[in-house]
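**Q** sequence and predicted structure, then a few things I'm wondering about:
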Amino acid sequence: MKIKVVDFREKMALMAGIVSKNPTLPITKNIWVGKGKLICNNLEMMLTVDLPMSDDQEPCLIPYAEVMDLLKYTPGNEVMILTQIKNTVKVSWGTGSSTFGTDNPVDFPFLEKQEPVSAAQLNGNLFIDALQAAAKYAADESDQRSGLKGSIVYLGDTIQVAGADGFRLSYQSLNLKYPEKGRVTIPIETVKTLAKLWQKAPGSPNKKENFVKTVLSPKQLELALLPSLTRISWTGIEVIFKQNESAPPDFLALMATFKESIKVKFYSIDLLAALRRMSRVAKDSSSIVKIIWDNDYLSVYAGGEKNETSSRIDVDGSGPGRIGLNINYLIEYLADKEGLVEMGWNSKSEPVSFHFNNHPYQVIMPMNVQAWPDDPVKPPEETKTETTQAATSETVSNSTQEETAAVDEEDPEGSVEEPIGEGAEEVPAAEGAGEQPAAEEEPVATEPKKRKRKVKTS
């Protein structure tokens, strides 16, 4: 098997990061070479790269790391010859040779060959960019929710791409279509591989009526759904990977119910600068920033028990509101934006959304805020206690006056003025008389009124 060093080195470099260094299956440290193909497989993803060589070459297995080190320091104009005899492979060139231990090419674990159920040609630049944007917000490997570990692609008349980690959601509708409705989750590592391959070896545009139109037309890739695998391929490159069997949440249904009754527009650089000024202080309050706005201004607050900071920017709003958000999420979103950003909001218990030109639509969940800067100031405890005591005394005084007035109104004639003290006795009224008779021994002395007391009559 003969191949020019410069071509071999270029194709081998495309597999960097895909070949496992310490795999559970040792044979996957090797690259399968033969029949005009270069193939690696890490058991989750298989990459096939076309080689500029004849298809009738007998296959062999070469250790990736060892041969790659060799190619780095071999002149590119040399021709490399690969020869495998049993479990050894010899690599030779004009001025030297190396021999490596390897495995039998027959034992290489290819992914099962499957025929496509459906397929479509897509704008590669648009599709790969959308996958990368969604993967930034996908759940990482430590997350137990496997349905969120990747870019989620909804297929149909309009292809939609989403990524979420439970706190943030990135969502984008593409001007692309697929012949059948479906959903596929592309793992994060696969998205990274596709992006790297597309950058180094992009696809070719479809041929048009003339050369200029062909050059200006978008580069194409093919997305194909297989019975249990997914294939993405373009000129000279084919990536086949396993489908994620765990179903993600129905983000399309979620987005259909989301409302934005209030919208606020602001310049990204203004809010980004304010957030960066308070990023260190915000760490004292679990990275929470409190955002309060009206139709003209938006204020942000951050701080803990000792430190606090605030800032205000100009906005164009359609109504007042307030919400608590994670400052790190906001900074990450605004970092690559320059221009007018629109924020949508409905209520404090619902997420807030952000729009910027043709970038993905992003939703961020709110954080719980215990106290707001615009909350009414509560009176101190001492003042509150004194106020309560004064109110109680006034209530008791009013109650006593009402009782006295009631007694006077109820029996104005059947009462005598009598001092309160021990030894006071009730004086029986004369039969048929409406007035009290005087005592026999001596008349009752008249004393100043102290309190009226009702006297029972027989």
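**A** Sure, I can see it. Numbers count the residues shown, from 1 in each chain.
**Q** my read is residue 158 is in a strand, agree?
**A** No. Per DSSP: H, G, I helix; E, B strand; the rest coil, residue 158 lies outside any strand segment and is coil.
**Q** measure it to residue 254 for me?
**A** 17 Å (Cβ to Cβ, to the nearest Å). To be clear about C-beta, it is placed using only N, CA and C from the backbone, and glycine gets the same treatment.
**Q** among the two, which residue is more densely surrounded?
**A** Per other Cβ atoms under 10 Å, whichever of residue 158 and residue 254 has more neighbours is residue 254, with 15 against 12.
**Q** so what pLDDT did the residue positioned nearest the centre of the chain get?
**A** Nearest to the mean C-alpha position of the chain, counting by Cα atoms, centre = their mean, stands residue 168 at 1.2 Å. With respect to pLDDT, residue 168 has a value of 92.
**Q** could you do residue 393 as well?
**A** So residue 393 comes in at 52 (pLDDT).
**Q** the one 4 residues further on too?
**A** Per-residue confidence at residue 397 stands at 52 (pLDDT).
**Q** mind giving me the domain split of this structure?
**A** 2-107, 118-249, 258-364 (automatic domain parsing).
**Q** that older thread, quick one: the residue nearest to the centre of the chain from residue 202, how far?
**A** Distance from residue 168 to residue 202, by Cβ to Cβ: 30 Å.
**Q** how about residue 352?
**A** Distance from residue 352 to residue 202, by Cβ to Cβ: 37 Å.
**Q** of the two, who's got more company?
**A** Using other Cβ under 10 Å as the criterion, residue 352 and residue 202 rank with residue 352 on top: 23 against 17.
**Q** bridge partners for that one, pull those for me.
**A** residue 364 (DSSP bridges).
**Q** got the contact list for it?
**A** 323, 325, 343, 344, 345, 363, 364, 366 (Cβ atoms under 8 Å, 6 or more residues apart in numbering).
**Q** from one end of stretch 300-308 to the other, what's the distance?
**A** Length of stretch 300-308, first residue to last, Cα to Cα, to the nearest Å: 11 Å.
**Q** could you give the mean pLDDT of it?
**A** 87.
**Q** same deal with stretch 140-151?
**A** Per-residue scores along stretch 140-151 average to 78.
**Q** what's the residue nearest to residue 373 when sequence neighbours are not counted sitting at in phi/psi?
**A** Distance criterion Cβ to Cβ, 6 or more residues apart in numbering; nearest residue to residue 373, sequence neighbours excluded, is residue 301 at 5.2 Å. Residue 301 adopts backbone torsions of phi -130, psi 150, taken as degrees, to the nearest 10.
**Q** residue 360 is in contact with the residue nearest to the centre of the chain, correct?
**A** No. Shown here, residue 168 and residue 360 do not form a contact pair, counting by Cβ atoms under 8 Å, at 10.8 Å.
**Q** how far away is the residue nearest to residue 373 from residue 199?
**A** 42 Å.
**Q** ditto for residue 314
**A** From residue 314 to residue 199 the distance is 39 Å (Cβ to Cβ).
**Q** again, but for residue 320
**A** 46 Å.
**Q** looking at those two, which is more packed in?
**A** residue 320 (12 against 9).
**Q** ok, and the closest non-adjacent residue to that one?
**A** residue 294 (4.5 Å).
**Q** same check, this time on residue 114
**A** That would be residue 226: by Cβ to Cβ, 6+ apart, it lies 4.0 Å from residue 114.
**Q** contact partners for the one you found?
**A** Contacts of residue 226 (Cβ under 8 Å, 6+ apart): 114, 115, 116, 117, 240.
**Q** same thing but at 7 Å, please
**A** Residues in contact with residue 226 (Cβ atoms under 7 Å, 6 or more residues apart in numbering) are 114, 116, 117.
**Q** noted, bye for now.
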